[in-house]
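>>> here's my sequence, what's the structure:
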Amino acid sequence: MRLREIIAALERLAPLRLQDEWDNSGLQVGFPEAETDSVLVCLDVTEAIVEEAIEKHCDLIVSHHPLLFKALRQVSDATYQQRCVVKALAAGISIYSAHTSLDNAPDGVNYRIAAKLGLTDLRWLCPKEGENAGSGLVGELPVPERDTDFLDRVQRTFGVECLLHSAPEGREIRRVALCGGAGAFLLRDAVRAGADCFLSGEFHYHDYFENQGVLLAELGHYQSEQFTQDLLLEYLTASCPGLRVCRTALNTNPIRYATRLPER
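Below you'll find the model as predicted:
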């Protein structure tokens with residue numbers, strides 16, 4: 001099928017009009033009329049991901065995070081972005097990214113996080129005017145959980161090696177706000193929504209002083225959005241019959257976690 005047909009399917013799920021104004025969702029590398037038979041889905045585009053696409057004979061990479069946020073001043077080998085573009089073009093591989101267009105969409109990234117937690121009665125934390133879309137979600141746990149038990153379940157569910165969180169106080173958690181990736185900008189919305197806990201990939205240091213009693217849990221950017229890869233795989237498999245869809249075998253999280261302080 002043509003690349004433009006796959007793009008049209010992706011943009012039915014995640015319309016570009018829903019992306020934040022600073023973002024660069026959409027076609028990153030390639031030509032809409034290119035014949036496309038197979039796709040590799042991933043969270044981040046790295047040189048290793050492009051190599052994996054080559055090895056698996058995929059002619060399209062669909063990522064969550066865009067490879068290109070700013071215009072390239074040259075196409076050479078000075079940065080990893082440039083090297084990825086050169087390698088992809090040389091191999092005939094296209095790259096498409098669904099970033100905040102998918103974050104802000106119904107049934108998008110945040111809905112997948114909510115599903116993993118078993119939340120119900122979902123509503124937008126910060127709705128987009130005139131759209132069934134928005135930033136972040138807030139929902140309810142079917143049965144309240146003690147804060148320490150909830151944090152333990154979050155850590156296990158998302159495979160978090162080092163879960164950062166504010167001090168638990170023995171309270172019950174019923175209403176949960178969430179935002180995949182960098183969601184600190186929604187803290188005031190979570191407070192206004194009456195959330196008992198706010199989960200996100202990243203918070204700022206001072207958010208922990210300004211949480212107004214809301215339990216904060218910081219999963220890590222990669223960990224909070226990792227299930228986006230499954231979302232994209234399932235959607236493309238169902239929406240584009242005949243297209244071979246693969247999920248990357250690589251963990252592209254660039255952050256490592258020390259389990260103990262080094263000995264002096």
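>>> now residue 58, what's its secondary structure?
Reducing the assignment to helix, strand or coil with DSSP: H, G, I helix; E, B strand; the rest coil, the entry for residue 58 is coil.
>>> residues contacting it?
If a contact means Cβ atoms under 8 Å, 6 or more residues apart in numbering, then residue 58 has 38, 39, 40, 93, 244, 246 as its contacts. No exception for glycine: its C-beta is placed from N, CA and C like everyone else's.
>>> check it and give its pLDDT.
The pLDDT attached to residue 58 in the predicted structure is 98.
>>> which of the contacts of residue 58 fall within helices?
Of those, none are assigned to helices by DSSP state H.
>>> neighbours of the nearest residue to residue 57 once chain neighbours are set aside, how many?
Ranked by Cβ to Cβ, 6 or more residues apart in numbering and with sequence neighbours excluded, the top spatial neighbour of residue 57 is residue 38, at 6.3 Å. Other residues within reach of residue 38, judged by other Cβ atoms under 10 Å, total 14.
>>> quick one, what contacts residue 38?
Counting by Cβ under 8 Å, 6+ apart, residue 38 makes contact with 56, 57, 58, 59, 60, 243, 244, 245, 246.
>>> which one (most neighbours) among the residues you listed?
Result: residue 60 is most packed of those (other Cβ under 10 Å), 26 neighbours.
>>> would you map out the domains in this protein?
Described in terms of automatic domain parsing, the domain architecture of the chain consists of the residue ranges 3-99+226-247, 106-219.
>>> could you give the bridge partners of the residue nearest to residue 57?
Beta-bridge partners recorded for residue 38 (DSSP bridges): residue 244.
>>> could you report the pLDDT at it?
Residue-level confidence at residue 38 comes out at 98, pLDDT.
>>> ok, now residue 261?
Model confidence at residue 261 (pLDDT) stands at 62.
>>> how close does the residue nearest to residue 57 sit to residue 250?
When distance is defined by Cβ to Cβ, to the nearest Å, residue 38 is 17 Å away from residue 250.
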